[in-house]
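S.K.: I need the structure of the sequence given here:
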Amino acid sequence: MANENGNGAAADQQGPSLNTLVQYIKDLSFENPNAPRSLTQQQQQGGPQIGLQVNVHANALGENDVETILTLEGKATLNDETLFAFELSYAGVFRILGVPQEQLHAVVMIDCPRLLFPFARAIVAEAVRNGGFPPLYIDPIDFAQLYRQRLEELQAQQGAPNA
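M.R.: As a prediction, the model looks like this:
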């Protein structure tokens, strides 16, 4: 007799699932190289220019477990002077069950970082605030679009003739 879940369906016939087992900071760096001058300067001269890079990496940990690492790197400048810079590698270990092999990569590179992002965003905002600046709230990121762009880049590289 098969085990049944609360819906009356057999437990071994459940649909795909994605569970977060643990999430954590792998690396966090915040630099405030020109303080205290930069703290008063940015208040007097208006807002800084802020650049942000986003990267996602993954490592298989077992048959169903994967570590996904979301890296956010940012820098704020004003008049070509660095106000602050940060780098955060925030990771999670996810258990993925019932996802077809051809869809697994997309789940790992889109859905997993989507789950990590709100926590990474809060960590960055807090670090910037603790550095003496107004909190930096990073706009939501479309990880599906980033994934598609990366696939297009890889296809273009593979299709390009060797020099």
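S.K.: what helix or strand does residue 29 sit in?
M.R.: With elements delineated by DSSP states H and E, residue 29 resides in strand 17-31, which encompasses its position.
S.K.: which helices and strands does that strand pack with?
M.R.: Contact partners of strand 17-31 among helices and strands, from 3 or more C-beta pairs under 8 Å, 6 or more residues apart in numbering; DSSP states H and E: strand 81-97, helix 112-130. Any C-beta I mention is one placed from the backbone N, CA and C, and that applies to glycine too.
S.K.: list the buried residues of that strand.
M.R.: Counting neighbours by 16 or more other C-beta atoms under 10 Å, one finds that the buried residues in strand 17-31 are 18, 23, 30.
S.K.: so what's residue 21 closest to, chain neighbours aside?
M.R.: Closest residue in space to residue 21, ignoring its immediate chain neighbours: residue 93 at 4.5 Å, by C-beta to C-beta, 6 or more residues apart in numbering.
S.K.: give the bridge partners for the one you found, please.
M.R.: Note on residue 93: beta-bridge partners by DSSP bridges are residue 22, residue 67.
S.K.: ok, it - contacts?
M.R.: Each residue near residue 93 by C-beta atoms under 8 Å, 6 or more residues apart in numbering is listed here: 20, 21, 22, 23, 61, 65, 66, 67.
S.K.: so which of the buried residues of strand 17-31 is the closest to residue 140?
M.R.: Closest approach between the buried residues of strand 17-31 and residue 140, by C-beta to C-beta: residue 23, at 18.2 Å.
S.K.: OK, contacts around that closest one?
M.R.: When contacts are counted by C-beta under 8 Å, 6+ apart, residue 23 is found next to 90, 91, 92, 93, 116, 119.
S.K.: among those residues, the buried ones, what's the ChimeraX command?
M.R.: Restricted to the buried members of the contacts of residue 23, where burial is judged by 16+ other C-beta under 10 Å, the ChimeraX selection command reads as follows:
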select :90,91,92,93,116
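S.K.: turn the contacts of residue 23 into TSV, including pLDDT and distance to residue 127.
M.R.: Supplementary listing: the contacts of residue 23 in TSV, determined by pLDDT from 0 to 100; distance: C-beta to C-beta, whole Å:
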residue	pLDDT	distance to residue 127
90	98	12
91	98	17
92	98	19
93	98	23
116	98	16
119	98	13
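S.K.: and the contacts of residue 23, which two are furthest apart?
M.R.: For the contacts of residue 23, the maximum inter-member distance is 13.7 Å, found between 93 and 119 (C-beta to C-beta).
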